[in-house]
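*Asks:* The following comprises the amino acid sequence and a computationally predicted model.
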Amino acid sequence: MLPFTLFDAALPYAEFLSQFGTPADRQRWDAVRAAVALTDDQRAVLAAFTRRTNVLVLSGAWCGDCANNCPIFERFAEVAPVLDVRYLDRDAHPDAQAELRINGGNRVPVAVFFSEDGHEVARYGERTAADYRRMVSAVDGKLGRELEPTAAGDHRAAVVADWLREFVRVQCVLRLSPRLRKLHAD
């Protein structure tokens, strides 16, 4: 299990990119952030979040998958202030990298969701289902087909929807947690 103490070592978006990214890395991440558009329905769902959620993202500023996914989390946090998203550099934290391997490999980004008091709730990453469907479609058209249509085949919108589903799932787990319901008297 990943210790919550790593959350304190992690950095907010701008600080992470400043410390670990090159100017080109920052430009790539910021371009994606500017291009991420949330629908009104997505904004409404995010605005309804009530439980503080600490999101620790194992990442690399140099990583293309991180540049294409992590700025989405920043858009979510802009609408849902209960989301505290921080980034941990994969190479600077080999202990976290080893703990968060996927299929035996070092992968990023991996998001680890913690409750307000530091209990691990979930892990998700490194690519979403939409990303993998797109990649596998060249190998297996049946497996790679879209299950949910997106507007004009908008891949970024599909990735945003995949990540949002996981953030919503975590928020539901936290909202229904007997321990947290007792703590918040709700």
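*Replies:* Structure received.

*Asks:* CA atoms for contacts and neighbours, from now on please.
*Replies:* Fine.

*Asks:* Can you classify residue 57 as helix, strand or coil?
*Replies:* For residue 57, the assignment made with DSSP: H, G, I helix; E, B strand; the rest coil gives strand.

*Asks:* Against residue 104, how distant is it?
*Replies:* Per CA to CA, to the nearest Å, residue 57 is found 18 Å from residue 104.

*Asks:* more neighbours, these two?
*Replies:* residue 57 (28 against 8; other CA atoms under 10 Å).

*Asks:* What pLDDT is listed against the more buried one?
*Replies:* The confidence metric pLDDT takes the value 98 at residue 57.

*Asks:* Show me what it is bridged to.
*Replies:* residue 87, residue 111 (DSSP bridges).

*Asks:* and it, what is it in contact with?
*Replies:* Shown in contact with residue 57 (CA atoms under 8 Å, 6 or more residues apart in numbering): 85, 86, 87, 88, 109, 110, 111, 112.

*Asks:* what's the answer for residue 97, then?
*Replies:* Going by CA under 8 Å, 6+ apart, residue 97 touches 58, 90, 91, 106, 107.

*Asks:* Which of those residues has the largest number of neighbours?
*Replies:* Those, ranked by neighbours (other CA under 10 Å): first place residue 58, 26 neighbours.

*Asks:* Distance check, it against residue 178.
*Replies:* Applying CA to CA to residue 58 and residue 178 gives a distance of 29 Å.

*Asks:* Same check on residue 117?
*Replies:* Counting by CA to CA, the separation of residue 117 from residue 178 is 14 Å.

*Asks:* cool, and residue 70?
*Replies:* Going from residue 70 to residue 178 by CA to CA gives 31 Å.

*Asks:* of the two, who's got more company?
*Replies:* Legend: neighbour count by other CA under 10 Å for residue 70 and residue 178, higher for residue 70 (26 against 13).

*Asks:* Wasn't the more buried one part of a helix?
*Replies:* Yes. Read with three-state DSSP, residue 70 is one of the residues of a helix.

*Asks:* ok, it - contacts?
*Replies:* Neighbours of residue 70 in contact, by CA under 8 Å, 6+ apart: 29, 109.
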